[in-house]
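S.K.: predicted model and sequence below, questions to follow.
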Amino acid sequence: EEVVFKVRNDISPCLVTGNSLGGFTALYAASSDNAKSSNHINGCILINAAGRFRAVSPPKDKEDENSIVKWIVSSIQRLIINISFIYTKQPARIEQILRQVYPVNSNQVDTELVESIQYPSLHPNAAEVFYRVISKNGNGPPVYIDDLLSQLKVPLLLLWGVEDPWIRPRSADLIQQLYKSAVRVDLDAGHCPHDEAPERVNEEIIKFISTINTNSKLSDTVVSLL
């Protein structure tokens, strides 16, 4: 909703694009009722976007499961994830992970990038955010990509790094099955194609923009949620 508010008041009309969780946010914004009602967003670009699909999501816990058992399991899970967070936010570990997700052009992993990733982890609420992302235990009911795509009414571009060890091309396959008009471009890159292959990504975004015309006016503003 914050994205839609910003677009509606400052930069409408535009396209939204995002990578990983930012991609999920971009899709959420583009499919929202507020965005569709006044054509605030007239295109969406997903770059190795994260998100859950109904077909591959694990079944919900049984409602009649013992509450004490659930509390114990949840407490142990939180403890393990919190310990993992302390380890994961160390610069050396961040660099190690980045090199895994930058398999094609690891030279892009430098001190500045490592520090930019570490900075949010220093926020007082960072551990709680990390826990909710890892445990998929956010507020409210789960939101699935399937549902967002069913509400989407704008052109969709998929830019997918095929060497991504986290979000495999299978996710792009599922999106294409659910949104038949989606345009897809596979890239020789990992989880962050916009950083490993920026020239190619920019070329495809410009090409996509040129195909979109709303009220006889081309959209040349792109809101990035990377």
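M.R.: Sure thing, it's come through.

S.K.: could you find the closest non-adjacent residue to Val101?
M.R.: Spatial nearest neighbour of Val101, chain neighbours left out: His191 (3.8 Å); criterion: Cβ to Cβ, 6 or more residues apart in numbering. Yep, even glycine has a C-beta here, placed from its N, CA and C like the rest.

S.K.: give me the contacts around the top helix by length along the chain.
M.R.: When the chain is parsed with DSSP state H, its longest helix is helix 67-88. For helix 67-88, contacts defined as Cβ atoms under 8 Å, 6 or more residues apart in numbering pick out Asp61, Arg93, Ile94, Ile97, Ser121, Ala126, Ala127, Phe130, Tyr131, Ile134, Ser135.

S.K.: dump those residues to CSV, plus secondary structure, pLDDT and neighbour count.
M.R.: Shown next, in CSV, are the contacts of helix 67-88 (DSSP: H, G, I helix; E, B strand; the rest coil; pLDDT from 0 to 100; neighbours: other Cβ atoms under 10 Å):
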residue, secondary structure, pLDDT, neighbour count
Asp61, coil, 54, 9
Arg93, helix, 96, 15
Ile94, helix, 96, 19
Ile97, helix, 95, 17
Ser121, helix, 94, 16
Ala126, helix, 94, 15
Ala127, helix, 92, 16
Phe130, helix, 90, 19
Tyr131, helix, 88, 17
Ile134, helix, 83, 15
Ser135, helix, 80, 12
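
S.K.: check what pLDDT Arg168 gets.
M.R.: Looking at Arg168, its pLDDT is 96.

S.K.: can you tell me how far it sits from Glu112?
M.R.: Using Cβ to Cβ, to the nearest Å, Arg168 is found at 28 Å from Glu112.

S.K.: ok, those two, which is more surrounded?
M.R.: Each of Arg168 and Glu112 has its neighbours counted (other Cβ atoms under 10 Å); Arg168 has more, 13 against 8.

S.K.: what ranges do the strands span in this structure?
M.R.: 14-20, 41-49, 156-161, 183-187, 213-214, 217-218, 222-225 (DSSP state E).

S.K.: adjacent strands (with direction) for the third one?
M.R.: Neighbouring strands of strand 156-161 in its sheet, by DSSP bridges, are strand 41-49 (parallel), strand 183-187 (parallel).

S.K.: out of those strands, which gets the lowest mean score?
M.R.: Note on the strands paired with strand 156-161: strand 41-49 shows the lowest mean pLDDT, a mean of 94.

S.K.: tell me the angle it makes with strand 14-20.
M.R.: Put simply, strand 41-49 runs at 10 degrees to strand 14-20, going by axes from the mean of the first three to the mean of the last three Cα atoms, to 10 degrees.

S.K.: show me the shaky parts of this protein.
M.R.: 1, 9, 12, 36-38, 56-65, 137-139, 213-226 (pLDDT under 70).

S.K.: redo that, cut-off 90
M.R.: For the chain, residues meeting the criterion pLDDT under 90 lie at 1-15, 32-42, 54-75, 77-78, 131-142, 210-226.

S.K.: render the CA-only coordinates of stretch 102-116 in PDB, please.
M.R.: Only the C-alpha atoms of stretch 102-116 are listed here, as PDB (Å, rounded to 0.1, in the frame of the first residue of the first chain):
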ATOM      1  CA  TYR A 102      26.400 -14.100  -8.000                       C
ATOM      2  CA  PRO A 103      27.700 -17.200  -9.800                       C
ATOM      3  CA  VAL A 104      28.300 -15.600 -13.100                       C
ATOM      4  CA  ASN A 105      30.000 -12.300 -12.200                       C
ATOM      5  CA  SER A 106      31.200 -12.600  -8.600                       C
ATOM      6  CA  ASN A 107      33.500  -9.500  -9.200                       C
ATOM      7  CA  GLN A 108      30.400  -7.500  -8.400                       C
ATOM      8  CA  VAL A 109      30.600  -8.600  -4.800                       C
ATOM      9  CA  ASP A 110      32.700  -5.900  -3.100                       C
ATOM     10  CA  THR A 111      32.800  -4.200   0.300                       C
ATOM     11  CA  GLU A 112      30.200  -1.600  -0.600                       C
ATOM     12  CA  LEU A 113      27.700  -4.300  -1.500                       C
ATOM     13  CA  VAL A 114      28.400  -6.300   1.600                       C
ATOM     14  CA  GLU A 115      27.900  -3.200   3.800                       C
ATOM     15  CA  SER A 116      24.700  -2.400   2.000                       C
END
